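Q: 3D model of this:
(3 chains)
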Amino acid sequence: MRVRLPLGALTGSIIALSLCGCQTLGVKPWQHDVLARPAMALVSEPMDAAIDDHIYFSKEAASGGRGFGGGGCGCN
Amino acid sequence: MRTAAEIAAAAPHAPDFQIAVRGDDLTAVCFTAMASPCEVLLDAADSREVGELARAAAHEAWRIERKFSRYRGDSVISEINRSAGRPVVVDQETAALIDYAAQCHALSEGRFDVTAGVLRRCWRFDGSDRVPDEAAVARLVPLIGFERLQWRPPQIIVPPGMEIDFGGFGKEYAVDRVLAILCTRFLGAVLVNFGGDLASNRAPVQAPWQVGVERPDTDREARLLLEFSRGGLATSGDTHRFLQRNGRRYSHILDVRTGWPVPEVPRSVTVAAASCVEAGMLATFAMLNGRAAEDFLEAQRARYWSLR
Amino acid sequence: MQLKRPPSALQLGLMAASCALLSHTARAQTVDSAEQPFELDSALLYYKENPGRVQTIEPVVSLKKDFGDQRILGGTFTVDSLSGATPNGALPSRKPQTFASPSSTSLVPQAGKKTTLYAIAPGNLPQDPHFNEQRVAGDADWSQPMGLDNNLSFGGHVSTEHDFDSFATHADYSRDFNEKNTTLSAGLSEEYDQIHAHGGNPVPGSDYELYEHEGGQTKTVSGALIGVTQIMARNWLMDLNYSYDHSQGYLTDPYRILSVLDALGNVTGYRYENRPDSRARQDLYWVNKVAFGPTVLDVSYRRGKDSWGIGSDTAEAHLRIDLGHGVYLEPHLRWYHQSAADFYDLYLSAATAAPQFMSADPRLAAFIGTTAGLKLGVTIGRYGEVSLRLEEYQQRPSDQSSALPQLQGLNLNPNLTATIAQLSWGLQF
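A: Numbers count the residues shown, from 1 in each chain, chains lettered A, B, ... in the order given. All right, here's what the predicted structure looks like:
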């Protein structure tokens, strides 16, 4: 069963929505206390993330998605 | 005669802080910075955790003092004030502070001006009656005016003879910065108090913070007691810095357009706002309005207490 | 009490100016960047596939220096040492099978040529036991703000192993909006690889018996990524990324073969695999980070599809439980599903002509992968943080039984189970 999912169009519309619809979303600058904690960073454990990315890259067909940072290896 | 700030900054202080336990579960970190007694109250008892937080708080306060104090030759402010018309490239933090000064200058219609420091050369608010003569003041007025600076981020040009100074909001900025840093490492309630400029993330579980504001010139021991939960609190007052001559009191709040004090300024104004810089700036704007200070604060729907 | 009145222009202006000042410097500088500009992260990974299959030991060291103002230089050094048996793509058989290790330059012993053979007992999955590889990789990256709301970063990567060299570079740009509540980012990457397999690259799709090999091959991978990060609430951060990758060149695995079977299931020969020379991939990746007091939940979903017909779904969750006193526990769960590549075949039929593209690589098959793990971290004052992570990964291929008589009772593509252990140490100084 093949599902046609226009991933690019979906992301584009979400990004457009978030730009104009997000005046109400968000916090005041002095409310950044929780978000500034290291554990709340998007990639809070970069070493683990890089190691996991490498393991799953060599064992599975899909890879990445999170961002750039690595190169290739001969394992796939 | 040197002010307390100049003496404090000149003395090479071995930076140190003390930790004291206050009551149940409340720890106080005390140190000196920006010529003020600084205190950080934490809703915590674990001494090792508190030690780390104390270090972080004190180091940030001293970092800001080192970087922006006009009394230190190695500060960014001194470097800018020595530049005599040459362009100076500033870093992100300094740029943000200059932008803030520019916005406050515009919002106050020119009355708040970080270039007004040159007036120190003739005005010394030591409680005496030595009021400068008009000619001396008039000579300094052309050296004041934020619009005379050339600010094209990240480059600033301060014409020769002029100077800038963040003293008008530096302490409040340090309070907000220290609070923000502590909130990234600590989940409990924090109250940062630098010589009467406060900020807190939230009240302790037991009860809101009890803040006492000095009521000058009264016989009563009781101070104005405020209940304070979160946000910033700042006080502007002329209790210690004024001149008195011929029955007339000259406050240290100067009108930069004339170089002379703003008349009929309240003795003290305390404002509560979302952050300490905002509270401090509202209090400063109120003082600049002199006689209309309270009307101004009413119009801004601010939470305030004033004393005349 | 104050009357309800719309805020004055000055009030709004002062609020906005104060916001801007604090939000700007909130992220620009931390106490530690001036006093402790270095950040060292190191890890030792041990990965072992059971039973008796590939194992790897991989030390990684990463050092970052903050030059102030969020200008950060980082470098990472990795050494990867792999050994153990790895499946070669052929099916188990009732009869014994013999293969040549990839480093061989000839299937049969000949003068001037190297031949290393390995025999597989009946019923066993053909695996090359001589697999031994060392890889060394280095990364460097630089990140700096541009103005008050923008950030630029770029980096490079070089890695080398006996049969594969890789060079990559990437650049990213991001911009903040809405008082830093929204961040848009975009990035580009480019990778260039050289594949020079042990014993030479086999001619794709050719007959294994002929053992035809050719010279080195190359491939390039170009990628683009756009993303939006949005602060949803004081304790909730969301990120959505879309990425597109295009690979071009030699994408075939030089060491894998397919069994060629007759109508009964007997082995009549083998063929080298052959994959298309281009592959286009798209991924949509959605992350949510939510804090519940000191506990942080990280939950993500990724949907991918590519031009080889492989669709994938990945759902992952980490829960960081702060136990106080600098100790935390972090359970981790991951669920992964992929569909098979269009040209994936368990084996080739001797009766029909070989298709243009074919591969029996289990990594291109349909399977479900699950991971369960636990991490324990302890902060030791000024000596940093030490943590131990233990995980188990299991791959369960879709049931692939066959009606062929000779294959009955054989486990055609067994489950894969792997243990992951990682010891880490992070320090700021």
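
Q: count of residues packed around the nearest residue to C:E161 once chain neighbours are set aside?
A: The shortest distance from C:E161 to any non-neighbouring residue, by C-beta to C-beta, 6 or more residues apart in numbering or on different chains, is to C:R135 (3.9 Å). From N, CA and C alone the C-beta is placed, and that goes for glycine too. By the measure other C-beta atoms under 10 Å in any protein chain shown, the count of residues near C:R135 is 21.

Q: A helix includes C:R135, no?
A: No. Secondary structure assignment places C:R135 outside any helix; it is strand (DSSP: H, G, I helix; E, B strand; the rest coil).

Q: model confidence at it, what's the number?
A: If you check C:R135, the pLDDT there is 92.

Q: before we move on, what about C:S18?
A: The model's pLDDT for C:S18 equals 88.

Q: so the closest residue to it other than its chain neighbours: helix, strand or coil?
A: Nearest-residue entry for C:S18: B:E278, 3.9 Å, with adjacent residues in sequence omitted and distances by C-beta to C-beta, 6+ apart. Classification of B:E278 using three-state DSSP returns helix.

Q: count the residues that sit near B:E278.
A: Counted with other C-beta under 10 Å, residues neighbouring B:E278 total 29.

Q: got a list of what it touches?
A: By C-beta atoms under 8 Å, 6 or more residues apart in numbering or on different chains, the contact set of B:E278 is B:232, C:14-15, C:18.

Q: can you give me the strands for the stretch 201-308 of chain B?
A: All strands of the stretch 201-308 of chain B, identified by DSSP state E, counting those that start in this stretch, fall at B:209-213, B:224-228, B:231-237, B:242-245, B:248-251, B:254-255, B:260-261, B:268-273, B:303-307.

Q: got TSV for those, with mean neighbour count and distance to chain C too?
A: Below are the strands of the stretch 201-308 of chain B laid out as TSV (neighbours: other C-beta atoms under 10 Å in any protein chain shown; distance: least, C-beta to the nearest C-beta, whole Å):
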stretch	mean neighbour count	distance to chain C
strand B:209-213	16	20
strand B:224-228	14	16
strand B:231-237	25	9
strand B:242-245	16	26
strand B:248-251	17	22
strand B:254-255	19	18
strand B:260-261	20	23
strand B:268-273	25	8
strand B:303-307	18	8
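
Q: with mean pLDDT and distance to chain A added, can I get the ones you listed in CSV?
A: Converted to CSV, the strands of the stretch 201-308 of chain B look like this (pLDDT from 0 to 100; distance: least, C-beta to the nearest C-beta, whole Å):
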stretch, mean pLDDT, distance to chain A
strand B:209-213, 79, 17
strand B:224-228, 80, 15
strand B:231-237, 89, 8
strand B:242-245, 78, 33
strand B:248-251, 80, 31
strand B:254-255, 87, 30
strand B:260-261, 88, 33
strand B:268-273, 91, 10
strand B:303-307, 88, 16
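
Q: about what we covered before: now, the contacts of B:E278 that are in helices?
A: Among the contacts of B:E278, the members falling in helices (DSSP state H) are C:14-15, C:18.

Q: under the pLDDT cut-off, which ranges of the chain? List them.
A: All of this is about chain A. A:1-24, A:29-31, A:33, A:65, A:67-76 (pLDDT under 70).

Q: sorry, I should have been clearer: chain C.
A: C:1-5, C:24-35.
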